[in-house]
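S.K.: with the input below, show me the fold.
(chains A and B)
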Amino acid sequence: MYMKKASMLIVMVACLFLISGGQVFGVPESFEGEGLAPETNESVYFRGWQYRTHIVNDNVNRYNTELNGNVDYATITGDYPSIMETQFIAKAPLDILYGNPSQACRYYDGGWILPAESLPNIEKIKADMYPHIRDAWTYKGKLLGLSYFVTTRGVLHVNLQKLSEAGLAEAELPATWDDLYDQLYRIRDKGIKYPFLPHWFAEWYGISWAFFFETLNRGGRVADPETHKPLVTVDGPAGDTLRAWKKVWNDGLIPEEVLSYLEPDFLEAWGSGEYVYSPQQMYDFKKFNEPRYSRFAGYCSPVPYRGQSWGLIDSAVYLMSNRPRGKDHTRDVMAFASWYGYRDHEGELFVGQRWIEDSMLFTAYKEIMENPDVQAMMKKFFARPQDYETALEVYANTPYPKGVFNVVWAPEFNSWIKETLQKFLMEDKPVDETINAIGDKINELNSLYGVS
Amino acid sequence: MRFRQKVRELSTFQFALLLTLPVFIFLIAVIIYPLGYAVWASFHRIIFFGGYRTSFVGFENYSAVLKSPAFWHSLRVSLRFTAESVVLTLLIGLGIALALARSFPGKGVIRSLAILPWAFSRYGVGITFKYLWRGHAGLPTALAYLFGMETRVSVLNHQTVIEGLAIGNAWNLAPLVAFFLLANMETIPSRLYDLAEIDHLGPFGKFFYVTLPYLRYTLFVFTVIVAVLSLKVFDYIFVQTGGGPGVASATLTYQIYKESFQHLNLGYGAAMSFYLLGVILAIAFTLYGVWGRKEL
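M.R.: The predicted structure follows:
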């Protein structure tokens, strides 16, 4: 009798467990299939910067239509990092947002975001990511967000038409930054006044990141990845970078107006076909090989990796805000974050796959990057099939500046160093003074924010 | 019946108070509260990271601003931009007004078109002039090529960026000045021009001795208005140059924005904004004392 009752009880408990998706005993539900649908009627506010917004809208509409979702998507125009900080401070309705790793770290220290670590399916998500990318998005032991994109910013693009006009063969493509700067003089002698469009534009990620990536590419670091103490020295790669900049700037090889460009101006200037070389985004090979964006479409190729890396890993994640919400509402936010930043209700890496197909935005997920169909399709984005292999090799060797990205003061430092480097060029400031000022600023910020 | 009695009990003063109450509440919400918060912030250090906390620092923020070379640089940039904007706006406005005061076919249409730049948002003007001024595809470069000079001319370099900004600002503000001056010109009695004709005054003589005296008060008012608007402008400069190249166009408003919203140093930014308010008031009162009082 007792055995019968006990068996019935076990069966009932098992049924209850299955129906509830494991929630009864505090076991996290598996965010899969219909489990990704919302459970409340509350809106989930999704905000991001302006990039291919019609694609985002379309993705959100799919979630809202197929899973009866309540996602409210809008874009933020203007100075995105600052606007988002003020939104957090003002406790604006905001649930999911874009962020670079540096913004994510700052938002996390402000107590404004919920790390991706809190998602019930986080272990599966992490297992599907490349470890080095996962590490780049991990701060204070927690994975902060889900994959939006990963790319190389600062991969050296070459305009093959202009290169040929300058009488140079592809075998002469530079292997290092110093090779590049030396070659600029030869190109100018062939009648091209401005052979190089540097990544010195006036965004917080313009000239600042140009300095970061060139220092990294030369084998140095701006700050220690763990302690964030400054590592720039006058005689080291940072000093070499500034000396090289000063020389080409003072010799009139760079158009001054690049210092007042915003990113769209910078892209348009490179698309004009006037320059031979420019450090750009990896995903923009697609853009610059399309005639509507580029006057040298079909001739924009990557400069290969020959022992020295080019650029830095630039990436963005989907973040969840930590604003006060009901438990079920927070669950809905997490469900949408998982649907959008990982797998949809059909188990596909839908959004990530779409970004790579549409815009060549790489992702942290191995399944997409290693898919032969995706690889075959990406080859079409380049001027020539062999450029795809060249670009992948550059990407595989791209460093990540953890010391200046994964720290609370990163956005403030980006803004400060932008002005400092532009002043260094325009006011012809000494290299040692500027390098020392950079070191002092990092020390000041470490002290101000209590970073050790 | 009872309701009627209650209405009768309201005095004129009470009724007036009732009518102004919504406006009063609105003013508190949009002016007094933010102003009060800014005063409070300027005396505090506000920290958002590692837990939100504030501490009273007295005049520390105010003194730090005065010690900052960036503040003095931005003050110089703001004053240069403002002075150039005022001169250009008034000259262009006066020129438009004089041109539109004449009789010519299609006068009504041209007058309507002339006001259009004033209808542009500051953001829109910033974007427009950014495209016009840049070197690789801008207007000066196009003109240079037209005249056979194969050279790129960028106005947005550190030497001329303020002038480029001031021209765009004047383009946006001048139509407003022009229309007020035009309205003012319509009030000048025509017999004064007849008398000037009898005295054999030429066009310049008529302008200096007949037209200009009537416009002086309007010109004073717009000198103050344009100066204040130019000192306060932010979005126009932010979208056009982002304070650059380097810090060549970093005005005080840009500096306040950077400190307050990029560095989240709200106390310091608030203190700097009160210095900007002081500069605006000082310029307005100086102009009134030196020029305005004579015109009244």
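
S.K.: tell me what the helix or strand A:H329 falls within is packed against?
M.R.: Element membership of A:H329, judged by DSSP states H and E, is helix A:327-341. Secondary-structure packing of helix A:327-341 (3 or more CB pairs under 8 Å, 6 or more residues apart in numbering or on different chains; DSSP states H and E): strand A:44-48, helix A:53-66, strand A:96-99, strand A:146-159, strand A:312-321. All C-beta spots, glycine's among them, are computed from the backbone N, C-alpha and C.

S.K.: so how far is the next helix or strand along the chain from it from its chain's centroid?
M.R.: For helix A:327-341, the succeeding helix or strand toward the C-terminus, using DSSP H and E, is helix A:350-359. For helix A:350-359, the separation from the chain centroid amounts to 15 Å (computed by CA atoms, centre = their mean, to the nearest Å).

S.K.: in helix A:350-359, what's buried?
M.R.: The neighbour-count check on helix A:350-359 (16 or more other CB atoms under 10 Å in any protein chain shown) flags A:350-356, A:359 as buried.

S.K.: and A:P385, how many neighbours?
M.R.: 10 (other CB atoms under 10 Å in any protein chain shown).

S.K.: so where do the strands sit in chain A?
M.R.: Assigned by DSSP state E, the strands in chain A fall at A:44-48, A:71-75, A:96-99, A:113-114, A:138-139, A:142-143, A:146-159, A:277-281, A:300-302, A:312-321.

S.K.: please identify the pairing partners of the second one and their relative orientation?
M.R.: By that I understand strand A:71-75. Paired with strand A:71-75 in the same sheet, following DSSP bridges, are strand A:44-48 (parallel).

S.K.: could you report the distance from B:Y254 to A:P81?
M.R.: Distance of B:Y254 to A:P81, computed by CB to CB, to the nearest Å: 16 Å.

S.K.: repeat for A:D58
M.R.: 26 Å.

S.K.: more neighbours: which of those two?
M.R.: Neighbour count, other CB under 10 Å: between A:D58 and A:P81, A:P81 has more, with 23 against 11.

S.K.: if I follow the layout properly, the more buried one ends up in contact with A:Q103?
M.R.: Yes - applying CB atoms under 8 Å, one finds A:P81 in contact with A:Q103, separated by 5.1 Å.

S.K.: just give me how far stretch B:31-46 sits from the chain centre.
M.R.: Worked out by CA atoms, centre = their mean, stretch B:31-46 lies 24 Å from the chain centre.

S.K.: stretch A:344-355 too?
M.R.: Distance, centroid of stretch A:344-355 to centroid of chain: 19 Å (CA atoms, centre = their mean).

S.K.: mind giving me the domain split of the chain?
M.R.: Unless you meant another one, I'm taking chain A. Listed domain ranges for chain A are A:29-150+A:315-376, A:152-313+A:394-449 (source: automatic domain parsing).

S.K.: ah, no, chain B please
M.R.: Split by automatic domain parsing, chain B gives B:2-42, B:64-295.

S.K.: OK, contacts around the nearest residue to A:L180 once chain neighbours are set aside?
M.R.: Distances taken as CB to CB, 6 or more residues apart in numbering or on different chains put A:P174 closest to A:L180, at 4.0 Å, once the chain neighbours are dropped. When contacts are counted by CB atoms under 8 Å, 6 or more residues apart in numbering or on different chains, A:P174 touches A:156, A:180, A:182-183, A:277, A:303.

S.K.: what does B:W291 give?
M.R.: B:220, B:223.

S.K.: next to chain B, which bits of the stretch 1-150 of chain A? Give me the list.
M.R.: Applying CB under 8 Å from any CB of the partner chain, we find that the stretch 1-150 of chain A lies next to chain B at A:79, A:81-83, A:85-86, A:89, A:106, A:109-111.
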